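In: test case, fold it:
(one chain, ligands or ions: 1)
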Amino acid sequence: MALPNYAFFNGRIVRYGEAKVGVLTHGLNYGTGVFGGIRAYWNDEAQQLFIFRPRDHFRRFLESTKLLRMEFSYSEDDLTKALLALLGTENHKTDCYIRPVAFYSDEIIGVRLHDLTPALAMVAIPFGKYVEKDEGSHVTVSSWRRVDDNVIPARGKITGSYINSAFAKTDAQRAGFDEAIILTHDGHICEGSAENVFLIRNGVAITPPITDNILEGITRQTVITLLHDELGVNVVERSIDRSEIYLANEAFFTGTGVQITAITRVDYRSIGTGKMGEITTKLRELFFNVVRGRVKKYHEWCTPVYETKRAR
Ligand code: PMP
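Out: Alright, predicted model coming up:
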């Protein structure tokens with residue numbers, strides 16, 4: 001993976017090599033950081049790079065900082081402006097992934113969340129697919145359980161809690177699967193290592209509620225809107241039993257990294273026909289048109305980076 005050329009670091013854009021932290025940094029030692037993941041999509045016809053729902057991503061990012069008692073004076077709009085400046089400096093004309101991260105920067109010994117100084121950084125890199133088999137992945141139900149809200153809140157994108165995802169992902173991949181589905185403590189379907197999950201059963205889309213220890217995904221929210229408003233599919237947010245996924249007609253993951261990835265097998269059981277289903281296929285097509293700024297109704301989700309040379 002190529003490294004970024006620049007970083008937004010301590011309030012200004014610097015060369016990536018200058019954005020450095022020390023070994024004793026609190027966030028590195030104790031996992032006291034939060035992060036985000038945002039995509040920007042290159043649209044060749046419009047010669048434009050569109051950032052997908054940056055304000056919604058930054059709202060969740062700032063909510064995560066709040067959970068860790070970090071105080072910043074930045075608003076969602078300030079961070080969007082900083083990102084526009086960063087992407088303008090990088091000047092990429094290809095799909096990108098953006099990583100904002102906030103962390104306690106103190107170089108001290110002592111685990112706590114008070115009397116510490118938060119720092120914020122952001123980088124952008126060219127990025128394609130996060131998963132290879134996005135049209136048909138084989139997943140396993142992990143033996144690891146999801147962190148509970150009273151352990152480490154999963155609704156915050158907290159760096160330390162991603163060890164939970166890493167355990168599940170590595171064990172799944174080492175066992176030959178593409179990804180893991182992680183259950184909540186009471187055994188309900190929660191999410192993947194870095195993605196939310198949806199089932200289609202008897203024409204209805206079902207996804208776990210935000211009170212089941214999921215990350216409140218921006219792609220999840222996007223997909224709920226597109227399924228309901230554009231494809232006429234009812235979406236129900238409720239707890240899902242493990243065995244319901246085996247009987248689903250279709251299943252898929254959603255997330256900034258995976259975008260929309262079809263789940264076609266779970267633990268050697270075919271989901272539906274064992275091929276990407278009709279609703280997932282239609283949804284993916286629509287989603288990719290929306291994120292590339294090709295659907296007028298959803299232009300407000302797509303923030304252009306470069307000055308518009310001609311009408312979209
Ligand atoms: N769940 C987890 C655990 C994640 O890390 C992610 C990726 N941010 C998601 C769900 C999907 O969220 P989003 O659609 O906002 O990327």
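In: can we go C-alpha only for contacts and neighbour counts from here?
Out: Will do.
In: would you mind naming what in the stretch 101-250 of the chain lies close to the ligand?
Out: S193, A194, E195, N196, L215, G217, I218, T219, R220 (CA under 6 Å from any ligand atom).
In: relative to G33, how far out is the nearest residue to the fifth one once chain neighbours are set aside?
Out: Spatially, and ignoring its direct neighbours in sequence, L215 is nearest to R155 (4.4 Å; CA to CA, 6 or more residues apart in numbering). With the distance defined as CA to CA, to the nearest Å, R155 ends up 14 Å from G33.
In: those two - which one has more neighbours?
Out: For R155 versus G33, the count of surrounding residues by other CA atoms under 10 Å is larger for G33: 25 against 20.
In: now do the helices in the stretch 201-312 of the chain.
Out: 218-225, 242-246, 278-291 (DSSP state H, counting those that start in this stretch).
In: oops, could you answer that again for the stretch 51-200 of the chain instead?
Out: Under DSSP H, counting those that start in this stretch, the stretch 51-200 of the chain gives helices at 54-67, 76-90, 162-174.
In: picking up where we left off before, ok, and the most crowded of the residues of the stretch 101-250 of the chain next to the ligand?
Out: Top of these by neighbour count (other CA under 10 Å): E195, with 27 neighbours.
In: apart from its chain neighbours, what residue comes closest to it?
Out: G255 (4.7 Å).
In: likewise for T25?
Out: E107 (4.5 Å).
In: domain parsing for the protein?
Out: Domains of the chain are assigned by automatic domain parsing as 6-126, 137-291.
In: mind putting those domains into TSV with mean pLDDT?
Out: Listed next are the domains of the chain as TSV, based on pLDDT from 0 to 100:
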stretch	mean pLDDT
domain 6-126	98
domain 137-291	98
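In: which one, of the ones you listed, ends up nearest to E300?
Out: Of all the domains of the chain, domain 6-126 sits nearest to E300, with 8.1 Å by CA to CA.
In: buried ones in stretch 58-70?
Out: By neighbour count on 16 or more other CA atoms under 10 Å, the buried set for stretch 58-70 is F58, R60, F61, L62, E63, S64, T65, L68, M70.
In: quick one: distance of it to the chain centre.
Out: Remark: stretch 58-70 is offset 15 Å from the chain centroid, using CA atoms, centre = their mean, to the nearest Å.
In: run through who's touching it.
Out: Contacting residues not belonging to stretch 58-70 are listed as 32-36, 71, 75-76, 79-80, 102, 113-114, 117-118, 155-158 [CA atoms under 8 Å, 6 or more residues apart in numbering].
In: so how do I select the buried members of the residues you listed in ChimeraX?
Out: Selection of the buried residues among the contacts of stretch 58-70 in ChimeraX, burial being defined by 16+ other CA under 10 Å:
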select :32,33,34,35,36,76,79,80,102,118,155,156,157,158
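In: re earlier: can I assume the residue nearest to L215 is in contact with D212?
Out: No: between R155 and D212 there is no contact under CA atoms under 8 Å: 9.6 Å.
In: what's the most buried one of the helices of the stretch 201-312 of the chain?
Out: helix 218-225 (a mean of 19; mean count of other CA atoms under 10 Å).
In: got the contact list for stretch 259-277?
Out: Stretch 259-277 is contacted from outside by 133-141, 219, 245-254, 280, 284, using CA under 8 Å, 6+ apart.
In: for PyMOL, what selects the buried ones among the residues you listed?
Out: PyMOL command restricting the contacts of stretch 259-277 to the buried ones, with burial defined by 16+ other CA under 10 Å:
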select buried, resi 134+135+136+137+138+139+140+141+219+245+246+247+248+249+250+251+252+253+254+280+284
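In: H114: what's it in contact with?
Out: Per CA under 8 Å, 6+ apart, neighbours of H114: R69.
In: likewise for G255?
Out: A194, E195, N196, G217, I218, T219, R220.
In: tell me the spacing between the second one and D115.
Out: When CA to CA is the yardstick, E195 and D115 sit 33 Å from each other.
In: do the same with the first one
Out: In this structure, A194 and D115 are separated by 31 Å, where distance is defined by CA to CA.
In: number of residues surrounding T308?
Out: For T308, the neighbour count with other CA under 10 Å is 11.
In: count the residues that sit near the closest residue in space to it that isn't next to it in sequence.
Out: Distances taken as CA to CA, 6+ apart place Q48 nearest to T308, at 7.4 Å, with adjacent residues excluded. By the criterion of other CA under 10 Å, Q48 has 24 neighbours.
In: could you do the one 5 residues further on as well?
Out: R53 has 21 neighbours, counted by other CA under 10 Å.
In: cool, and L120?
Out: So L120, with other CA under 10 Å, has 19 neighbours.
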